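Student: Following is a predicted model, sequence given first.
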Amino acid sequence: MPDKITVAGVPVDTRHWIGGRRVASGDTFTDVSPIDGSVLGEISRGTPAEAAAAVAAAKAAFPAWAATSRAERARILHAVADGVDKRLEELAVVETTDNGALLRSHRRGVMPRVAHNFRFFADWLLTLEHEDFETRGHRNHVSWDPAGPSVLITPWNAPLMLATWKVAPALAAGNTVVLKPAEWSPLTASLLADIAAAAGLPAGVLNVVQGYGSEIGDALTSHPDVRRISFTGSVPTARRIAASAATQLTPLSLELGGKSPLLVFADADLDLAVDLAVEQYDNAGQVCLAATRLLVQESIAEEFTRRFVEKASRLTQGDPRDEATDIGPTIHPRQLEKIDGFVRRATAAGARAVIGGHAEDGRYYAPTLLTDVAQDSEIVQEEVFGPVLTLQTLSLIRADRVTDRLVAGTVWVNCFFVRDLQAPFGGSRLSGVGREGGTWSFDFYCDLKNTVTAPEGWQDHG
Ligand code: NAD
């Protein structure tokens with residue numbers, strides 16, 4: 001197999017990146033574009049031995065990176081961000097070709113945010129301070145020590161963006177990293193390895209292992225030298241990872257699925273509410289935080305639905321590289337089947353498709369709105385991860401109660417998808433464990449140490 005493939009004119013290495021070297025596996029898996037099913041290339045299919053080699057490289061590189069001054073770590077992370085900015089267009093086209101999300105979003109939103117992730121955590125690192133405390137003349141000095149080699153496992157729906165939410169704070173805090181990207185979108189992680197090396201990140205500080213989670217996941221997550229595991233993905237995988245990590249009691253951060261509601265009350269700005277509701281079809285609905293349950297106050301439900309249908313019917317579905325496209329393909333024919341299965345079971349149980357309700361072809365699913373759905377039905381309770389919304393009505397009495405009882409990691413009021421990187425991001429209950437962002441990320445990747453120093457001449461042994 002060739003070591004490099006060319007994707008949308010951009011050369012991409014198909015091998016792992018371990019200890020500052022490219023390493024090929026004996027076997028490969030095929031990476032396919034969701035846009036048209038074309039084969040992009042054969043990617044190294046990692047083995048448990050290669051996963052262990054990546055952890056060993058991260059362990060070997062850890063002492064020197066942890067001892068590197070904060071200023072120097074910050075400088076290198078800014079250089080990584082510069083590299084991302086320089087290759088922004090390449091990253092955007094490769095990501096779109098690999099995962100089918102809109103090119104215009106990658107160009108204008110996602111990839112600039114990738115660079116921002118590195119800049120933000122580099123700058124934040126320089127401001128980190130903990131309070132000192134004093135007790136009976138003894139100084140309690142609290143410091144952060146980087147925890148050690150960290151395994152970062154990421155999904156396919158926003159591959160590089162979600163990876164760098166983890167990579168940037170982990171590296172900033174002084175940890176070394178083994179990144180395992182999703183097998184349906186492995187390419188931009190390989191480009192990130194090139195960018196990081198060119199920016200001067202020392203060998204072994206960032207390692208990338210490609211392959212199936214089912215084949216190499218356990219070797220990473222049960223490894224005794226791994227000090228942190230951060231995972232974004234589905235609940236069933238999270239359960240397997242938690243069980244595997246339990247052997248070493250390795251601390252976990254889990255960003256999982258969602259089934260968020262969008263609440264629309266009678267006094268809402270209805271045009272804004274409809275705009276925000278239609279926005280939930282972004283990335284063909286493959287967004288963990290998408291508000292896929294529209295809960296609309298009874299008195300405005302009819303008018304809301306009319307305006308929603310009018311707007312949603314104007315969405316253009318097609319090639320995500322086309323500037324005019326609003327909704328691209330789903331990641332994989334298997335995902336499309338999964339989405340269609342949810343919708344077929346819902347309609348068989350009495351749901352009505354106001355729009356959509358069917359696949360357009362083997363890759364695209366029509367934006368769908370289902371009404372007449374029961375609260376305890378599968379379609380209301382389970383994450384679909386496709387362009388499928390449900391609409392239920394809220395009575396005024398219930399609406400009052402609902403606002404007091406939201407259990408949610410983020411509540412957006414009259415807006416959506418806006419977050420300062422200093423604020424926490426994560427979910428409650430089955431949507432996750434822990435938070436990413438600002439100081440929450442640093443806390444996760446560090447061990448806190450309290451150093452208590454006696455005043456001179458103090459003889460307290462008590
Ligand atoms: P997934 O759980 O199938 O896979 C995620 C990653 O886990 C992949 O890299 C996969 O190879 C790896 N993996 C699989 N089995 C493993 C194992 N046994 N050990 C270790 N790693 C293993 O999820 P997905 O289908 O790629 O992503 C979709 C899910 O991710 C949805 O549920 C979505 O809501 C969630 N998600 C959450 C967030 C968030 O921030 N909360 C963001 C995006 C996606």
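Tutor: Received, thanks. This is a predicted model, so every value here is computed, not measured.
Student: contacts and neighbour counts: CA atoms only from here.
Tutor: Noted.
Student: my read is Glu42 is in a helix, agree?
Tutor: No. Secondary structure of Glu42 (DSSP: H, G, I helix; E, B strand; the rest coil): strand, not part of a helix.
Student: Contact partners for it?
Tutor: Met1, Pro2, Thr14, Thr28, Phe29, Thr30, Asp31 (C-alpha atoms under 8 Å, 6 or more residues apart in numbering).
Student: what's the neighbour count on the fifth one?
Tutor: The burial count assigned to Phe29 is 16, neighbours taken as other C-alpha atoms under 10 Å.
Student: Could you give the bridge partners of it?
Tutor: Ile43 (DSSP bridges).
Student: In contact with it, which residues?
Tutor: Phe29 neighbours (C-alpha under 8 Å, 6+ apart): Glu42, Ile43, Ser44, Arg45, Gly211.
Student: Ramachandran angles for Ala351?
Tutor: phi -70, psi 150 (degrees, to the nearest 10).
Student: Let's see the ChimeraX selection covering just the buried ones among the contacts of Glu42.
Tutor: Selecting only the buried entries of the contacts of Glu42 in ChimeraX, with 16 or more other C-alpha atoms under 10 Å as the criterion:
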select :14,28,29,31
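Student: near the ligand, which of the contacts of Glu42 show up?
Tutor: Applying C-alpha under 6 Å from any ligand atom, the subset of the contacts of Glu42 adjacent to the ligand is empty.
Student: Just give me the closest of the contacts of Glu42 to the ligand.
Tutor: Phe29 (12.2 Å; C-alpha to the nearest ligand atom).
Student: Dump the contacts of Phe29 to a markdown table, plus distance to Ala170.
Tutor: Below are the contacts of Phe29 laid out as a markdown table (distance: C-alpha to C-alpha, whole Å):
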| residue | distance to Ala170 |
| --- | --- |
| Glu42 | 29 |
| Ile43 | 26 |
| Ser44 | 25 |
| Arg45 | 25 |
| Gly211 | 22 |
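Student: Which residues are in contact with Met111?
Tutor: Per C-alpha under 8 Å, 6+ apart, neighbours of Met111: Val84, Asp85, Leu88, Leu91, Ala92, Met161.
Student: Share the number of residues neighbouring the second one, please.
Tutor: Translated: Asp85. 18.
Student: Sticking with it, tell me its helix or strand.
Tutor: Using DSSP states H and E, Asp85 sits within helix 70-86.
Student: want to try CSV for the contacts of Phe29, with pLDDT as columns?
Tutor: Shown next, in CSV, are the contacts of Phe29 (pLDDT from 0 to 100):
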residue, pLDDT
Glu42, 98
Ile43, 98
Ser44, 98
Arg45, 98
Gly211, 98
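Student: Only the buried members of these: can you turn that into a PyMOL selection?
Tutor: A single PyMOL command selects the buried members of the contacts of Phe29 (16+ other C-alpha under 10 Å):
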select buried, resi 42+43+44+45+211
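Student: Residues of this protein that sit close to the ligand?
Tutor: 153-157, 180-183, 212-214, 217-218, 232-234, 237, 240-241, 255-258, 287-288.
Student: after the helix holding Asp85 comes which helix or strand?
Tutor: Immediately after helix 70-86, counting by DSSP H and E, sits helix 88-99.
Student: And the average pLDDT for that next one is what?
Tutor: The pLDDT scores in helix 88-99 average 98.
Student: Dump that helix to CSV, restricted to CA.
Tutor: Output of helix 88-99 as CSV, limited to C-alpha atoms (Å, rounded to 0.1, in the frame of the first residue of the first chain):
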residue,chain,number,x,y,z
LEU,A,88,-6.5,25.8,6.8
GLU,A,89,-7.8,25.3,3.2
GLU,A,90,-6.1,21.9,2.9
LEU,A,91,-7.5,20.8,6.3
ALA,A,92,-10.9,22.0,5.3
VAL,A,93,-11.1,20.1,1.9
VAL,A,94,-9.6,16.9,3.3
GLU,A,95,-12.0,16.9,6.3
THR,A,96,-15.0,17.5,4.0
THR,A,97,-13.9,14.8,1.6
ASP,A,98,-13.4,12.4,4.5
ASN,A,99,-16.5,13.1,6.7
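Student: Please work out which residues outside it touch it.
Tutor: The contact list for helix 88-99 (C-alpha under 8 Å, 6+ apart) reads 7-8, 10, 31-35, 40, 84, 101-103, 106-107, 111-112, 156-157, 159, 184-188, 191, 320-321, 331.
Student: where does the stretch 301-450 of the chain have low pLDDT?
Tutor: 398-400, 403-404 (pLDDT under 70).
Student: What segments of it are helices?
Tutor: 333-348, 378-381, 396-404, 438-445 (DSSP state H, counting those that start in this stretch).
Student: most tightly surrounded among those?
Tutor: helix 438-445 (a mean of 22; mean count of other C-alpha atoms under 10 Å).
Student: Figure out how far that one is from the centre of its chain.
Tutor: Put simply, helix 438-445 sits 16 Å off its chain's centre (C-alpha atoms, centre = their mean, to the nearest Å).
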